[in-house]
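# dropping a prediction and its sequence here:
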Amino acid sequence: MNLRKRIFSGVQPSGNLHIGNYLGAIANWVKLQDEFESIFCVVDMHAITVPQDPEMLRKKTIEIAKIYLAAGIDPKKSSIFIQSQVSEHAELMWILNTIAKMPELEKMTQFKDKTQKGGSESAAVGLFDYPVLMAADILLYGTEVVPVGEDQKQHVELARDLAKRFNQKFGETFIVPKAFIKEEGMRVMGLDNPEKKMSKSAASEYNYISLLDDEETVKRKIKKAVTDSGSEIIYSDEKPALKNLINIYSSFSNLSPKEIEKKYTGKGYGDFKTELAEVIIGFLKPFQEKFNALSDEEVLKILADGATKVRPIAKAKLDEVKNKVGFII
Ligand code: ATP
Ligand code: LTN
């Protein structure tokens, strides 16, 4: 019997995965998979809460799985699967929908942000309901720990509230999960706007460094990244743009922000940016080599095996839930 605690996390197959997704989420998973029983999902059902081109969605779903693998998720240690291939997620979501309350979804920052971008009249009901599907993902597997970036904390809180509410109403059923968020520095901010997080749905590609960007693109984007006034390399809250760049530098090197400050004493933004681009490229090159070596067929097989492995866990929990709410199973 496996007594290790279980973790569950996922990324949407939409847009271009960036170094923020890597540093804030995936890099963390790679470390955790040795300690926890790990399930990582490609959340395609979440992706369609905003319009997607069907062919592109299929392509991106495979791409995300390749990114998981190239980053070091090992299918021998962890299960990797596609959300829509395990229909229990949608079924549990429906049941959780009946205990989730409108105001708790209305206050979700991500929903507010996304409807602000696209206009709330055109927002799909699915976008509003997104956090309930995420709660279903988590609760279906008796997940104890959910490693995500800072921005997802509120959604994990909802999963906790729904688990407690269900348990109270129908008796002990769900484990109440905890979010696991890496230290503060891991919230990577946009290169074009240090006030907002780096985002794959950003309007400009100068907001992010994609994990699949080539050398020239990385250099161009870092060169264009906004910096603060002044010319010294100082790590401080008063210089949010520079602080973000130093955090990125630090994450991809073995230097602390203080050591980076010291290294660039007397030098300007030009030198710092050139070397920052090199540090990022130093990470991306071997990563992309691994990514390119994976075939679609091989990845689809890993995903199908992953779904086969997790389906019985999901089915057992869903049956328990159906029974408790009074369905005949
Ligand atoms: P979108 O902008 O389309 O909402 P996203 O870039 O926020 O997309 P998600 O798929 O929502 O990406 O997030 C995947 C994971 O990456 C989550 O765990 C999220 O917290 C983390 N993440 C996303 N952006 C950042 C960031 N800028 N810094 C750190 N972690 C991030
Ligand atoms: N909403 C998450 C993706 C996601 C997720 C999950 C993360 C969907 N289901 C379950 C952790 C656990 C995001 O990162 N944008």
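Right, received. Where do you want to start? Ligands and ions are numbered 1, 2, ... in the order given.

# make it CA atoms for all contacts and neighbour counts henceforth
Fine.

# can you pull the contacts of the residue of the stretch 51-200 of the chain found nearest ligand 2?
At 4.1 Å from ligand 2, Met134 is the closest residue in the stretch 51-200 of the chain, using C-alpha to the nearest ligand atom. Counting by C-alpha atoms under 8 Å, 6 or more residues apart in numbering, Met134 touches 155, 159.

# now do the buried residues in the host helix or strand of it.
Using DSSP states H and E, Met134 maps to helix 125-139. Residues 126-139 are the ones in helix 125-139 that count as buried (16 or more other C-alpha atoms under 10 Å).

# again, but for stretch 44-58
Here stretch 44-58 shows 44-49, 57 as buried, counting by 16+ other C-alpha under 10 Å.

# same question, stretch 81-88
The neighbour-count check on stretch 81-88 (16+ other C-alpha under 10 Å) flags 81-86, 88 as buried.

# just the mean pLDDT for the top helix by length along the chain, thanks.
The longest helix of the chain (DSSP state H) is helix 296-325. Across helix 296-325, pLDDT averages out at 98.

# if you skip the residues just before and after it, what's nearest to Asn28?
Of all residues not flanking Asn28 in the chain, Pro147 sits nearest, at 7.2 Å (C-alpha to C-alpha, 6 or more residues apart in numbering).

# quick check, that neighbour in contact with Ala179.
Yes. Taking C-alpha atoms under 8 Å as the definition, Pro147 is a contact partner of Ala179 at 5.9 Å.

# can you pull the phi/psi pair for the residue located most distally from the centre of the chain?
Distance from the C-alpha centroid of the chain, by C-alpha atoms, centre = their mean, peaks at Gly266 (37.7 Å). Main-chain torsions, Gly266, degrees, to the nearest 10: phi 80, psi 0.

# what strand or helix carries the nearest residue to it once chain neighbours are set aside?
Nearest residue to Gly266 in three dimensions, chain neighbours excluded: Glu232, at 7.3 Å (C-alpha to C-alpha, 6+ apart). For Glu232, there is no helix or strand it lies in under DSSP H and E.

# thought Lys273 was touching Ile222, still the case?
Yes. Under the criterion of C-alpha under 8 Å, Ile222 makes contact with Lys273 at 6.4 Å.

# more crowded one of the two?
Each of Ile222 and Lys273 has its neighbours counted (other C-alpha atoms under 10 Å); Ile222 has more, 22 against 19.

# tell me how far the more buried one lies from ligand 2.
Separation of Ile222 from ligand 2 (C-alpha to the nearest ligand atom, to the nearest Å): 25 Å.

# ligand 2 contacts on this protein?
8-12, 43, 134, 137-138, 146, 148 (C-alpha under 6 Å from any ligand atom).

# one step back: check contacts around the residue nearest to Gly266.
265-269.

# among the residues you listed, which are in strands?
Using DSSP state E to define strands, no part of those is located there.

# filter those to the buried ones?
Tyr269.

# before we move on, the earlier item: which ones among the buried residues of stretch 44-58 map onto helices?
With helices taken from DSSP H, the overlap with these comprises 44-47, 57.

# so what secondary structure elements neighbour the longest helix of the chain?
Applying 3 or more C-alpha pairs under 8 Å, 6 or more residues apart in numbering; DSSP states H and E, we find helix 296-325 packed against helix 54-71, strand 78-82, helix 88-97.

# pull the residues that contact the last one.
It refers to helix 88-97. Residues outside helix 88-97 that contact it (C-alpha under 8 Å, 6+ apart) are 83, 129, 132-133, 135-137, 140, 162, 314-315, 318.

# quick one: that helix to chain centroid distance?
Chain-centre distance of helix 88-97: 21 Å, with C-alpha atoms, centre = their mean, to the nearest Å.

# for the next helix or strand after that helix, name the packing helices and strands.
Going down the chain from helix 88-97, the next helix or strand is helix 102-106, by DSSP H and E. Contacts defined by 3+ C-alpha pairs under 8 Å, 6+ apart place helix 102-106 against helix 125-139.

# just how off-centre is the helix it packs on within its chain?
Distance, centroid of helix 125-139 to centroid of chain: 15 Å (C-alpha atoms, centre = their mean).

# using PDB, write out every CA atom in it.
Output in PDB follows, covering the C-alpha atoms of helix 125-139 (Å, rounded to 0.1, in the frame of the first residue of the first chain):
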ATOM      1  CA  VAL A 125     -20.800  30.300 -17.600                       C
ATOM      2  CA  GLY A 126     -17.900  27.800 -17.700                       C
ATOM      3  CA  LEU A 127     -15.500  30.600 -16.900                       C
ATOM      4  CA  PHE A 128     -17.500  31.500 -13.900                       C
ATOM      5  CA  ASP A 129     -17.600  27.900 -12.800                       C
ATOM      6  CA  TYR A 130     -13.900  27.300 -13.500                       C
ATOM      7  CA  PRO A 131     -13.000  27.100  -9.800                       C
ATOM      8  CA  VAL A 132     -15.600  24.400  -9.100                       C
ATOM      9  CA  LEU A 133     -14.100  22.200 -11.800                       C
ATOM     10  CA  MET A 134     -10.700  22.800 -10.200                       C
ATOM     11  CA  ALA A 135     -12.100  21.800  -6.800                       C
ATOM     12  CA  ALA A 136     -13.400  18.600  -8.500                       C
ATOM     13  CA  ASP A 137     -10.000  17.900 -10.000                       C
ATOM     14  CA  ILE A 138      -8.400  18.100  -6.500                       C
ATOM     15  CA  LEU A 139     -11.000  16.400  -4.400                       C
END
